[in-house]
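Participant: just need the structure, nothing else, for what follows:
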Amino acid sequence: MKARTALLVLIVALLGYLAFFNFSTLAQDVPMSLGFTEVHGPLGLVMLALYGLMAAIFLAYVIAMQATWLLEVRAHNKALQAQRELAEKAEISRFTELRGALDDKQTQWEKRVMERLDALENHLKARAEESDNVHAAYLGQLEEQLRNQPGKESPPALGQQ
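Facilitator: Next up, the predicted model:
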């Protein structure tokens, strides 16, 4: 863009240089045809004024276009920021839902493990009681056999020593 700007400045400087050193020629009264009538005036100054008007309109157009572009960029940036915030909120929401789902799964697994542990504990208690009963029955049978042996004195009961 600097090359274009330099070229424009060079052209404007060249036109100013030519207009300054040839002002007497530009200011001469000459007949000018407007198509339907003829007018006398300085054609060079009229052309220079039209050139200045055209430059001013072009400059105003460029400024307006630049301002429109800046406003559009600002609107796009605002929309982009809004979309970014919306995406961040959605991501946070998804993470919250994921955490909730993982917490629910963990609670379900803990509940299942505790149920299994309770079932195993109850089973082990039942087996221990059954084992105790079986051992007590065997001991009872052994005591009974020892008491009923002919010719031997009966020993005291195991629990009464």
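Participant: pLDDT on the helix ranked longest in the chain, on average?
Facilitator: The residue-count maximum for a helix in the chain (DSSP state H) belongs to helix 43-147. In this model, helix 43-147 carries a mean pLDDT of 93.
Participant: ok, residue 38 to residue 4 distance?
Facilitator: Distance of residue 38 to residue 4, given as CB to CB, to the nearest Å: 40 Å. The way it works is simple: take the backbone N, C-alpha and C, and place the C-beta from them, glycine included.
Participant: and what of residue 39?
Facilitator: 37 Å.
Participant: compare these two (neighbour count), which wins?
Facilitator: Neighbour count, other CB atoms under 10 Å: between residue 39 and residue 4, residue 39 has more, with 11 against 8.
Participant: my guess is that one contacts residue 46. True?
Facilitator: No: applying CB atoms under 8 Å as the test, residue 39 and residue 46 come out as separate, 9.5 Å apart.
Participant: residues in contact with residue 138?
Facilitator: Contacts for residue 138 (CB atoms under 8 Å, 6 or more residues apart in numbering) come out as none.
Participant: so for residue 151, what's the pLDDT?
Facilitator: So residue 151 comes in at 64 (pLDDT).
Participant: go on, the one 10 residues further on?
Facilitator: The model reports residue 161 with a pLDDT of 52.
Participant: name the residues contacting each of residue 39 and residue 46.
Facilitator: residue 32.
Participant: so for residue 28, what's the pLDDT?
Facilitator: Reported pLDDT for residue 28: 89.
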